[in-house]
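1. need a structure here:
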Amino acid sequence: MSKNTISLESWLGIIALVAICIISLANVLVRYTTNASFAFTEEFSVFLIVILAFSGAAVAAKSNEHIRVTLLEKYLGVTGRRIVYIIQWLGSVIVLSLMVWYGGLLTYEEFMWESTSPGLGYPTWIYLIWLPLLSIAIILRTTQNLVSRLTQNDHSEEAQQ
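-> Okay, the predicted model is just below:
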């Protein structure tokens, strides 16, 4: 895949951000001109912010731009860095797997109970399904990052020999 290619998660984040901007701007304009407000803006904005955060986390995980402390990595050799990379990956996968499991369970329960949102009355599972789906995307992108970092170390080790 080319570095210039925009991933699905990037497009999802872009669409969510544009939608948040349009919804918020429209709400401000309507409130300013009519002293009324759109009822759906808060519910949709919160939902879109969650999508934006998780899609951004997937993009950051793939491109190795997620938040981390690299001080220890700088002082370790190739083998030590590999161990740190695997521990980082394992910790991320454990946390995200719990989010997939419990987010999926919550989504399923909301679907079975036919729960609706308090503001607009939409089924809440429509909002919740994105938590496990985007957590899976982050797991996949984190795994891609791990493979990339490990193979990058292999190439740097070969170049040193």
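2. three-state assignment of E43?
-> helix (DSSP: H, G, I helix; E, B strand; the rest coil).
3. lowest-pLDDT helix or strand in the chain?
-> helix 71-75 (a mean of 82; mean pLDDT, DSSP states H and E).
4. And the residue nearest the centre of the chain?
-> F54 (1.9 Å; Cα atoms, centre = their mean).
5. what is the rounded mean pLDDT of the longest helix seen in the chain?
-> Criterion DSSP state H: the longest helix present in the chain is helix 78-113. For helix 78-113, mean pLDDT rounds to 96.
6. Does that helix pack against any helices or strands, and if so which?
-> helix 71-75, helix 125-128, helix 130-160 (3 or more Cβ pairs under 8 Å, 6 or more residues apart in numbering; DSSP states H and E). (Glycine included, C-beta is placed from N, CA and C.)
7. got the buried residues for that helix?
-> Residues of helix 78-113 classed as buried: 81-82, 84-85, 88-89, 92-93, 96, 99-100, 103-104, 106-107, 110 (neighbour count, 16 or more other Cβ atoms under 10 Å).
8. Let me know the angle separating that helix from helix 130-160.
-> Counting by axes from the mean of the first three to the mean of the last three Cα atoms, to 10 degrees, helix 78-113 lies at 170 degrees to helix 130-160.
9. From the chain's centroid, how far away is helix 78-113?
-> 12 Å (Cα atoms, centre = their mean, to the nearest Å).
10. correct me, but L76 touches V84?
-> Yes. Applying Cβ atoms under 8 Å, one finds L76 in contact with V84, separated by 6.4 Å.
11. picking up where we left off before, which pLDDT value does the model give the residue nearest to the centre of the chain?
-> 96.
12. Over to M1?
-> For M1, pLDDT reads 43.
13. Let me see the contact set for the residue nearest to L134 when sequence neighbours are not counted.
-> Using Cβ to Cβ, 6 or more residues apart in numbering and skipping residues adjacent in sequence, the residue nearest L134 is F54, 3.6 Å away. Contacts of F54 were listed using Cβ atoms under 8 Å, 6 or more residues apart in numbering, and they are 130-131, 134-135, 137-138.
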